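Undergrad: next one to model:
(2 chains, ligands or ions: 2)
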Amino acid sequence: MSRLDVFADAAVVAKRNLIKIKRVPDLLVFTTLSPIMFVLLFAYVFGGAIDPAGGGGGYREFLIAGIFAQTVVFGATITGAGIADDVQKGIVDRFRSLPMSPSAVLAGRTLSDVVNNVIVLVVMGLTGLLVGWRIRTSFFEALWGFILLLVFAYAISWVMAWVGLIVPSPEVVNNASFVIIFPLTFVANTFVPLDTLPGPLKAFAEWNPVSAVTQAARNLFGNTDPNPLAPHPTAWPLVHPELYTLIWAAAVLIIFVPLANAQYRRSTSR
Amino acid sequence: MMETPAIQARGLVKKYGSVVALDGVDLTVPTGTVLGLLGPNGAGKTTIVRILTTLLRPDEGTAEVAGIDVLAHPGEVRRSLGLSGQYAAVDEYLTGFENLDMIGRLYHLGRKASRERARELLAQFNLEDAGNRPAKTYSGGMRRRLDLAGALVAAPPVLFLDEPTTGLDPRSRTEMWAVLQGLVSGGTTLLLTTQYLEEADLLADEIVVIDHGKIIAQGTADQLKSQVGGERLEVTVTDPATLEAASRLLTPLGVGAPVLAEHQRNLLMPVSGGVSVLREALRLLDDQGIGADDAGLRRPTLDDVFLTLTGHAAEVDDDDPAEAQHQTEEVKA
Ligand SMILES: Nc1ncnc2c1ncn2[C@@H]1O[C@H](COP(=O)(O)OP(=O)(O)OP(=O)(O)O)[C@@H](O)[C@H]1O
Ligand SMILES: [Mg+2]
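TA: Ligands and ions are numbered 1, 2, ... in the order given. Got it, this is the predicted structure:
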């Protein structure tokens, strides 16, 4: 088996997962409709209700990066549920009996989720532009913002891949993802300014990597200054959000790529 | 000089907590032959297949497939084997063609060869028309066939099929047997587990019967049959109430105790002496005015082997084509 097999095999697996997005209505909705809905919902329901700065644009702009972050992080659930489903249906057994690279199944799965997240971000970005969100920096800064979102979501995908391999059924993944991802994305600066949070929650939110990636995207889209909702943060992670995001992503990958791959080799159907 | 067997396992032990799934199993399957693995539910058949196909590590024991150590070099072994598990592992959202093409790519056959092979197998398994539909729309039997086709993509020298014909209709089953016989005559080594004793009888050169994770009998179909003895007398009485009386009456004719199947009004007893025993039995029943719907001499089938060895019948959950083939010399009463 050559070293390159892992890439070729991962591409075959990723292609298979992407075909599934087309054919599974749930996934298609997850990928296209719900991002649109999220943006519209937050922009008009919350963006309209909470409007301290006067002029909806401010809060909407503030929200968009948070919605992006939340949606791509939640997208990791697809990884977990997909893997758990494959284990349950015996597809993983089939893969494990083939002379393919053993790392390729998870690599392909997480890779197809990046593609999925790219689609999600494009759909959300376009919807955002329609409701008044603007990028106030350069193209490359914005692109870097998107890449950071994708990198962070990619790392979380590996966590969920591991979760998908240790749970007894795909349904449990959704529950697990709510338990893990819901607090992470809500106890953060995604939808509210950190100053509104009470002490302990504020400290958690300041060190929450989801806050950092949101802050990074907000900065890179130019959606902070002169937005009164986003005063200059003082906590270290939010002063250096890009670095903090990358450190987290790296740490998560270093831990969970080997962990998930080891679990994959051990996993069996039922 | 002996050729290395295609499959060799020694002292396989696998425990799940307190459940001993395998309790020291040795297997040898010479290249180009068929081993039929029989055993009741929970005997350990699937566990053996999973260990030999690298999906499961045994707690103890060693195994070689195609001369390669399964535990030490699982990656290399996988190149030489094809597996179709007990439950069809097809991807529902891919079409039949996409399923097979994907497997071909993962065997590293290359793009073109993978596609050609996928088309070839779809034709061979009568799935051509359905080849471009998602497998979600397939019937159970079609999925089963697609899964088997998946095991054959790389034309592997050693094939493991776990209950390959469960859920197939009689026609598909017969066709499957023909496909498998073709492969074996081409030199493929086959290990199959089955609940259909007729299947083992037809396909297997050697049969291994396991129960509770242990081998309890081993040999050719004929050897196993002669192991459980010669012919048996089978009588079906008209009135179930007379079954006991018939049994008492006929017991002296047997060389072993009769087995009664109450709800079938049926009595089965090992005998020796051929037709004269049958004649005598009919006379005795006649004298006592016990009506019989059916009476005959039967040579043992593998079902009898199974019943005798494991103390219970093979559990078959749908129509058994073997039914039609009981070797009976029947005399209508
Ligand atoms: N993952 C598992 N966890 C716990 N016990 C298991 C597991 N897999 C198998 N077993 C047990 O091991 C024993 C052998 O199971 P196996 O699946 O090999 O039987 P089998 O002969 O294939 O049966 P069947 O004819 O029903 O397919 C059974 O008692 C089963 O309950
Ligand atoms: Mg089984």
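Undergrad: going forward, measure contacts and count neighbours with C-alpha atoms only.
TA: Noted.
Undergrad: could you pull up the residues touching B:R78?
TA: The neighbourhood of B:R78, defined by CA atoms under 8 Å, 6 or more residues apart in numbering or on different chains, consists of A:97-99, B:53-54.
Undergrad: name the nearest residue to it, sequence neighbours excluded.
TA: Leaving out its chain neighbours, the residue that sits closest to B:R78 by CA to CA, 6 or more residues apart in numbering or on different chains is A:P99, at 4.9 Å.
Undergrad: quick one: neighbours of the one you found, just the number.
TA: Using other CA atoms under 10 Å in any protein chain shown, A:P99 has 20 other residues around it.
Undergrad: quickly note the distance from the residue of the stretch 201-333 of chain B found nearest ligand 1 to B:L148.
TA: Ligand 1 sits closest to B:G213 of the stretch 201-333 of chain B, with a gap of 7.0 Å, by CA to the nearest ligand atom. Distance of B:G213 to B:L148, computed by CA to CA, to the nearest Å: 26 Å.
Undergrad: out of the contacts of B:R78, which is nearest to ligand 1?
TA: B:T53 (13.2 Å).
Undergrad: for the closest one, which non-adjacent residue is spatially closest?
TA: A:S97 (6.3 Å).
Undergrad: go ahead and confirm the one you found touches B:G85.
TA: No. Contact between A:S97 and B:G85 fails when scored by CA atoms under 8 Å: they sit 10.1 Å apart.
Undergrad: contacting residues for the residue nearest the centre of chain B?
TA: Chain B has B:T194 as the residue nearest its centroid, 2.3 Å off, counting by CA atoms, centre = their mean. Taking CA under 8 Å, 6+ apart, we find B:T194 in contact with B:36-38, B:162-166, B:200.
Undergrad: run a quick neighbour tally on the residue nearest to B:T53.
TA: Using other CA under 10 Å, A:S97 has 24 other residues around it.
Undergrad: got the confidence number for it?
TA: At A:S97, the pLDDT value in this model is 92.
Undergrad: distance of it from A:V120?
TA: Counting by CA to CA, the gap from A:S97 to A:V120 is 34 Å.
Undergrad: please apply the same query to B:D201.
TA: Taking CA to CA, one finds B:D201 at 57 Å from A:V120.
Undergrad: next one: B:L152
TA: For B:L152, the distance to A:V120 - CA to CA - is 38 Å.
Undergrad: so is stretch B:125-140 next to chain A?
TA: No. Stretch B:125-140 stays clear of chain A (CA under 8 Å from any CA of the partner chain), getting no nearer than 8.7 Å.
Undergrad: that stretch spans what distance, first to last residue?
TA: In stretch B:125-140, first residue to last residue: 14 Å (CA to CA).
Undergrad: give me the sheet partners of the helix or strand that contains B:I216 and which way each runs.
TA: Per DSSP states H and E, B:I216 falls inside strand B:214-219. Sheet partners assigned to strand B:214-219 using DSSP bridges are listed as strand B:206-211 (antiparallel).
Undergrad: the strand it pairs with vs ligand 1: in contact?
TA: No. Applying CA under 6 Å from any ligand atom, one finds strand B:206-211 separated from ligand 1 by no less than 7.8 Å.
Undergrad: where does chain B have low pLDDT?
TA: Residue ranges of chain B with pLDDT under 70: B:1-2, B:228-229, B:310-333.
Undergrad: what does it have sitting close to chain A?
TA: Residues of chain B lying close to chain A by CA under 8 Å from any CA are B:53-56, B:75-79, B:81-84, B:87-91, B:93-94, B:102-103, B:105-108.
Undergrad: just the buried ones from the residues you listed?
TA: Among the residues of chain B next to chain A, those classed as buried by 16 or more other CA atoms under 10 Å in any protein chain shown are B:53-56, B:75-79, B:81-84, B:88-91, B:93-94, B:102-103, B:105-108.
Undergrad: what's the longest helix seen in chain B in contact with?
TA: Longest helix in chain B by number of residues (criterion: DSSP state H): helix B:170-185. Outside helix B:170-185, the residues that touch it by CA under 8 Å, 6+ apart are B:32-34, B:165, B:190, B:199, B:203, B:321.
Undergrad: keep only those of the residues you listed that are in strands.
TA: Within these, residues falling in strands by DSSP state E are B:34, B:190.
Undergrad: for PyMOL, write a command that selects the buried ones of the contacts of helix B:170-185.
TA: Only the buried entries of these go into this PyMOL selection, using 16+ other CA under 10 Å:
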select buried, chain B and resi 32+33+34+165+190+199+203
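Undergrad: what's the most distant pair in the contacts of helix B:170-185?
TA: B:G32 and B:P321 (26.6 Å; CA to CA).
Undergrad: need the contact list for the residue nearest to B:R78.
TA: B:75-79, B:106-107.
Undergrad: helix/strand/coil for the residue of the stretch 101-250 of chain A found nearest ligand 1?
TA: Nearest residue of the stretch 101-250 of chain A to ligand 1 (CA to the nearest ligand atom) works out as A:P168 at 11.2 Å. With DSSP: H, G, I helix; E, B strand; the rest coil as the basis, A:P168 sits in coil.
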